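# task: produce atomic coordinates for the following.
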Amino acid sequence: MKTWIIRTLLRLYPANWRREYGGELTHMLLARPLTENIVGDVFLSALWQRFRAAEISTLVGLGMLLVMLNGFVWNIVAPPPYGSEASMLLQNLWGSNLYVLLLVGCGLWTHLRRRGKLDQSGLAAVKISFLAGIPVMLAGALMLSGVLGVIVLGPGDIPTTFHQHGFTYTYYDATLRSCWIRVQDPAGPLKAVLSTTCPPAPLGVLLAPLFTLPASWLWGMVGGLLGRWIARRRRPVSA
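Numbering: from 1, shown residues only. As a prediction, this is how the structure comes out:
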């Protein structure tokens, strides 16, 4: 049991760290009792080493994931008023200038750090975009399964409270229009009705972040090209 615990703890460390220090740490842990404090210290140390070894794209992507997840949760618990910056975070993130600059900056940093191929900068930007899109894809999956409802608000509409709408996402649409939707009739099959608002298609919400990946790749490549230009400017001129 003790050996299994030690092996499990070692797997939490990055591979490079395990190759260099894994044997020494294993010997130390086998030579003493595994108390709760020791296991906790080794676990926290593994997390710290993972953090230190992580690529900047992973850290930025996880940060964006937490930001998006926070916005998704608060949209359900306490929807912000229409037109506020928080109300559009989940819907317009990929079209914002700040997000584009983030992808370009990550591509730039990746190239300056690795000095490798430009596609590494593109992949770094794709990783950020994919991680940031996980909460949106989660929302789409919950909509498809019928677990998450949708309320559509337009300019001037007041959002309801969680007590009123329950587990429901508030979608903000500046161009409210009527459309035909299919609903379940309690006394019969599905039927088409004319709705005053058009909720987003769940499948479209689920797939939307994936369609942003090619554009993210290009923005990362732009950052890589900028990094290549900076690296060449830094090279000393040979006599």
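
# other SSEs contacting the longest helix seen in the chain?
Longest helix of the chain, by residue count under DSSP state H: helix 118-144. Helices and strands touching helix 118-144, by 3 or more CB pairs under 8 Å, 6 or more residues apart in numbering; DSSP states H and E, are helix 56-77, helix 89-92, helix 97-114, helix 202-211, helix 213-234. Bear in mind the C-beta positions are built from the backbone N, C-alpha and C, glycine included.

# so residue 72 sits right up against residue 134, yeah?
No - counting by CB atoms under 8 Å, residue 72 stays clear of residue 134, with 10.0 Å between them.

# looking at these two, which one has more neighbours?
The residue with more neighbours, out of residue 72 and residue 134, is residue 72; 20 against 17, by other CB atoms under 10 Å.

# can you name the residues that contact the more buried one?
90, 135, 136, 138, 139, 169 (CB atoms under 8 Å, 6 or more residues apart in numbering).

# what is the nearest of these to residue 153?
Residue 153 lies nearest to residue 169 out of the contacts of residue 72, by CB to CB, at 10.9 Å.

# beyond the longest helix of the chain, next helix or strand please.
Sequence-wise, the next helix or strand downstream of helix 118-144 (DSSP states H and E) is strand 149-153.

# show me what that next one is packed against.
Short answer (3+ CB pairs under 8 Å, 6+ apart): strand 149-153 packs on strand 168-172.

# so where's the protein shaky on pLDDT?
The chain contains residues with pLDDT under 70 at 85-91, 94-95, 174-197, 235-239.

# which residue lies nearest the spatial centre of it?
residue 132 (2.2 Å; CA atoms, centre = their mean).
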